[in-house]
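Undergrad: 3D, please:
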Amino acid sequence: MIEIRRTTLDDWQTWKALRLNALRLAPTAYGETYANAAGADDHYWHRWWLERGDDAVRSIGYLDGVPAGQIACAEVPEFTEPLILAMWVEEDMRGTGIAGALVTDTLDWARAKGFPRIRLGVTEGNETARKLYLRHGFTSLGEFEPLHSHPDLRIEWMARDL
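TA: Presented below is the predicted three-dimensional model:
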């Protein structure tokens, strides 16, 4: 059974374990590096929940009670719409519906907040993620920029109306 849980500070260790695995196994998918995150203290991991209110959501997807994936979305000053900041599904949990459930829950959160649109960036070449987002109604904006952690790679910006 798939369950999506919106997280609280109490979930930080589960979030951290998933995030570190994502950064280790897919280093070019994120703007953050594994080395930076792995060396961070507990406050680094707590601050999301301490510094953000209802302008952000972090959710963990569980498959039969086992943490299987995560997604983070927040309002950011650079854009007028919320931004999906990161998403990950454990390799052995792919193809189970977790990814789609995480995206759908995040779209529901943004819709409930009254946003007309939501945005995300996907690393060029990550066709699996890109296809997932296309299936959920995202389209390319035709805008690209270097990936912060790997400037030789580019992020493709995508968005969808809600």
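Undergrad: could you use CA atoms for every contact and neighbour count after this?
TA: Noted.
Undergrad: residue contacts, residue 6?
TA: Going by CA atoms under 8 Å, 6 or more residues apart in numbering, residue 6 touches 57-60.
Undergrad: please, where are all the strands along the chain?
TA: Secondary structure of the chain (DSSP state E): strands located at 2-6, 56-63, 66-74, 83-89, 117-123, 139-147, 150-161.
Undergrad: okay, angle between the first one and strand 66-74 too, please.
TA: On the basis of axes from the mean of the first three to the mean of the last three CA atoms, to 10 degrees, strand 2-6 is oriented at 40 degrees to strand 66-74.
Undergrad: what does the second one give?
TA: When the same axes, to 10 degrees is applied, the directions of strand 56-63 and strand 66-74 differ by 160 degrees.
Undergrad: let's see strand 56-63 as CSV, backbone CA atoms only.
TA: Below are the C-alpha coordinates for strand 56-63, written out as CSV (Å, rounded to 0.1, in the frame of the first residue of the first chain):
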residue,chain,number,x,y,z
ALA,A,56,6.6,24.7,1.9
VAL,A,57,5.9,21.0,2.0
ARG,A,58,8.1,18.0,2.3
SER,A,59,6.5,14.6,1.9
ILE,A,60,7.8,11.0,2.2
GLY,A,61,6.2,8.2,0.3
TYR,A,62,5.9,4.8,2.0
LEU,A,63,5.3,1.5,0.4
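Undergrad: ok, and what's touching it?
TA: In contact with strand 56-63 (CA under 8 Å, 6+ apart) are residues 1-7, 15, 67-75, 93, 98, 101-102, 106, 109.
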